[in-house]
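Participant: only geometry, no sequence info:
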């Protein structure tokens with residue numbers, strides 16, 4: 001997955017021509033919608049960028065609406081990087097209009113369509129949660145590198161060096177996920193979460209994924225859905241469910257209570273980072289730390305064998 005010579009040449013060649021929005025020399029002021037994009041932009045931009053994330057820990061991007069201060073920050077930024085794929089559903093009209101000024105780029109829209117998961121409930125749209133899999137997120141990282149190189153062509157070589165280093169970490173993280181999740185017993189390879197954010201994760205790591213709500217947290221889970229899932233938990237003897245840092249745990253609690261009525265115990269396997277990262281300043285507030293946490297938490301709760309503090313030994317105790 002590490003950047004190849006062809007990709008390097010594509011980035012540097014593109015920077016040799018007059019870019020759409022070349023900027024004066026100096027630090028690039030970037031606003032990103034999500035923490036995942038912000039952290040990746042910092043990794044690739046290095047000392048040449050400052051990056052502000054609009055959505056912090058615990059914030060749900062599906063329901064987020066821009067504030068006055070957000071609008072000010074975006075209109076003053078050199079670049080605005082947003083996800084796309086209808087993740088920022090309530091902000092999309094504003095972001096598209098901003099894009100006409102050539103400062104606003106939906107970086108996940110560069111994903112190859114043949115790797116995306118479509119959804120019957122959203123005609124013509126795709127599951128946006130591509131950051132769950134490092135092998136997929138590399139496409140977004142490369143798009144961010146391309147955009148930065150277009151904005152500051154004289155720094156393209158630096159961005160390529162930083163991208164290459166980040167890709168090596170993504171490859172290592174993907175391999176770690178495959179290794180530890182393979183230790184989960186076959187009968188326990190069921191990931192039950194608050195909303196359907198782990199479809200790509202399940203496909204990549206051979207896990208059956210069940211989300212109480214749909215791919216957007218705006219979809220509600222009715223009583224029939226809860227009742228059906230309670231019966232499923234009991235019938236298949238599923239013993240763990242996972243809450244999410246950016247989604248209310250009320251539906252998970254309802255499932256646990258419903259299973260208890262049928263004399264089946266379901267425990268909370270841990271809190272996962274689905275649409276937002278960990279607390280600022282922690283390892284889990286980085287993209288690598290976020291995914292390391294999810295992989296390690298899931299594998300441990302479902303009976304797999306994992307290092308106590310994750311891939312890099314940096315996870316908080318108890319993660």
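Facilitator: Okay, I see it. Since the structure is predicted, the reported quantities are computational estimates derived from the model, not experimental observations.
Participant: Residues in contact with stretch 95-102: which ones?
Facilitator: 20, 21, 33, 74, 75, 80, 82, 88, 104, 105, 106 (C-beta atoms under 8 Å, 6 or more residues apart in numbering). In this view, the C-beta of every residue, glycine as well, is placed from N, C-alpha and C.
Participant: hmm, which of those residues are the buried ones?
Facilitator: Buried members of the contacts of stretch 95-102, scored by 16 or more other C-beta atoms under 10 Å, are 33, 74, 80, 82, 88, 104, 105, 106.
Participant: Now do the contacts for the third one.
Facilitator: Meaning residue 80. 30, 31, 32, 33, 74, 95, 98, 103, 104, 105.
Participant: Secondary structure and distance to residue 287 for those residues - can I get that in CSV?
Facilitator: Shown next, in CSV, are these (DSSP: H, G, I helix; E, B strand; the rest coil; distance: C-beta to C-beta, whole Å):
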residue, secondary structure, distance to residue 287
30, strand, 15
31, strand, 17
32, strand, 12
33, coil, 14
74, helix, 22
95, helix, 21
98, helix, 24
103, coil, 23
104, strand, 21
105, strand, 18
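Participant: quick one: which of those is nearest to residue 59?
Facilitator: residue 33 (9.9 Å; C-beta to C-beta).
Participant: Confirm for me that the closest one is in contact with residue 90.
Facilitator: No: taking contacts as C-beta atoms under 8 Å, residue 33 lies outside contact range of residue 90: 11.1 Å.
Participant: Mind listing the shared neighbours of these two?
Facilitator: Counting by C-beta under 8 Å, 6+ apart, the shared contacts of residue 33 and residue 90 are residue 64.
Participant: Among the contacts of stretch 95-102, give me the pair with the biggest separation.
Facilitator: Across these (C-beta to C-beta), the longest gap, 22.0 Å, separates 20 and 88.
Participant: can you give me the helices for the stretch 51-200 of the chain?
Facilitator: Ranges of helices within the stretch 51-200 of the chain are 68-76, 92-99, 134-151, 156-181, 199-205, based on DSSP state H, counting those that start in this stretch.
Participant: er, the stretch 201-319 of the chain I mean
Facilitator: Under DSSP H, counting those that start in this stretch, the stretch 201-319 of the chain gives helices at 223-236, 250-261, 287-301.
Participant: So which residue is smack in the middle of the protein?
Facilitator: residue 131 (3.2 Å; C-alpha atoms, centre = their mean).
Participant: Can you tell me the SS state at the residue lying closest to residue 141 once chain neighbours are set aside?
Facilitator: In space, and not counting its chain neighbours, residue 141 is closest to residue 40: 5.3 Å by C-beta to C-beta, 6 or more residues apart in numbering. Following DSSP: H, G, I helix; E, B strand; the rest coil, the label given to residue 40 is helix.
Participant: One more: the one 5 residues further on?
Facilitator: Under the three-state scheme (three-state DSSP), the conformation of residue 45 reads as helix.
Participant: Does it touch residue 161 like I think?
Facilitator: No: in this structure residue 45 lies outside contact range of residue 161 using C-beta under 8 Å: 11.6 Å.
Participant: okay, these two: which has more neighbours?
Facilitator: Regarding residue 45 and residue 161, a neighbour count based on other C-beta atoms under 10 Å identifies residue 45 as having more, with 24 against 14.
Participant: Find the nearest non-adjacent residue to the more buried one, please.
Facilitator: Closest to residue 45 by C-beta to C-beta, 6+ apart is residue 148, at 5.7 Å.
Participant: Now do the same contact list for that neighbour.
Facilitator: Residue 148 neighbours (C-beta under 8 Å, 6+ apart): 28, 41, 44, 45, 48, 49, 79, 155, 159.
Participant: quick one: low-confidence parts of the chain?
Facilitator: 1-25, 102, 120-121, 214-223, 246, 318-319 (pLDDT under 70).
Participant: Please parse it into its domains.
Facilitator: Following automatic domain parsing, one gets these domains for the chain: 5-177, 184-301.
Participant: Can you lay out those domains as TSV showing distance to residue 311?
Facilitator: Below are those laid out as TSV (distance: least, C-beta to C-beta, whole Å):
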stretch	distance to residue 311
domain 5-177	4
domain 184-301	5
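Participant: among those, which is nearest residue 313?
Facilitator: The nearest among the domains of the chain, by C-beta to C-beta, is domain 184-301 at 9.6 Å.
Participant: so how far is the first residue of the closest one from its last?
Facilitator: 9 Å (C-alpha to C-alpha, to the nearest Å).
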